[in-house]
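Participant: Generate a structure from the sequence data that follows.
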Amino acid sequence: EVEKGGLPGLPKSRMRAYIENPRGFAEFANQESFKEYVSYVIEPSYGLHQRMGLLQNTISGQHLEEPMPFRNFFSGRILWDESMAYNAYKWNEANPGGLIIGLVGGDHVKFFNGIPGRYSRMTVGEKMCTTVMLNPTLIDTRRPGSVGNISGSDSAQYPEKNYVTTPVPKR
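Facilitator: As a prediction, the model looks like this:
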């Protein structure tokens, strides 16, 4: 539904299933750091999805007549992050002293404005949230365009290099 009509296309009853605190959700999106996150992470991700031809279908496999506009892609991304953060929060509330580990794509944790920032907003500092990026490239820690002159630094430009490993020499 969100991929077809953005957040306004999602009925309020369904939205409440994903967004426990609508005011906190809105305030989070109004932070300057979040706006930078959108331009540094979400917009380039949309461009990559566009170049790969992935915007013609929803995540559930429904075919769209027109490629998904940025507004709907953005709505889906922030709702996805909010939902993942909220489910982690609910699990931690139900399991005091428990440890939850989430293995998610890098864009969902970069610059603390995806899942980790939302989770921290929900816990109001009561619980610790630590993120670890595996095999980050320069572009994962710096804004787009700031490392473009360094060959191979933008993993989105060179997806075939994302999982290249070097064999460990035998002793």
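Participant: where's residue 124 relative to residue 21, distance?
Facilitator: Per Cβ to Cβ, to the nearest Å, residue 124 is found 11 Å from residue 21. The way it works is simple: take the backbone N, C-alpha and C, and place the C-beta from them, glycine included.
Participant: go on, residue 9?
Facilitator: Residue 9 sits 21 Å away from residue 21, going by Cβ to Cβ.
Participant: do the same with residue 34
Facilitator: 15 Å.
Participant: These two: who's more crowded?
Facilitator: Shown here are residue 34 and residue 21; by other Cβ atoms under 10 Å, residue 34 has more neighbours (19 against 13).
Participant: In space, what's closest to the more buried one - neighbours in sequence excluded?
Facilitator: Leaving aside its chain neighbours, residue 34 sits nearest to residue 113 (5.0 Å; criterion: Cβ to Cβ, 6 or more residues apart in numbering).
Participant: Also residue 78?
Facilitator: Per Cβ to Cβ, 6+ apart, closest to residue 78 is residue 29, 6.8 Å.
Participant: pLDDT weak spots in this structure?
Facilitator: The chain contains residues with pLDDT under 70 at 137-171.
Participant: Go ahead and name everything in contact with the longest helix along the chain.
Facilitator: Longest helix of the chain, by residue count under DSSP state H: helix 70-94. Outside helix 70-94, the residues that touch it by Cβ atoms under 8 Å, 6 or more residues apart in numbering are 2-7, 9-10, 18-20, 25, 29, 38, 42-43, 45-46, 49, 55, 59, 98, 100, 102, 104, 108, 114-116, 118-119, 121-123, 127.
Participant: Please, where are all the helices along this protein?
Facilitator: Under the criterion DSSP H, the chain contains helices at 2-5, 12-18, 22-29, 32-37, 43-51, 70-94, 115-123.
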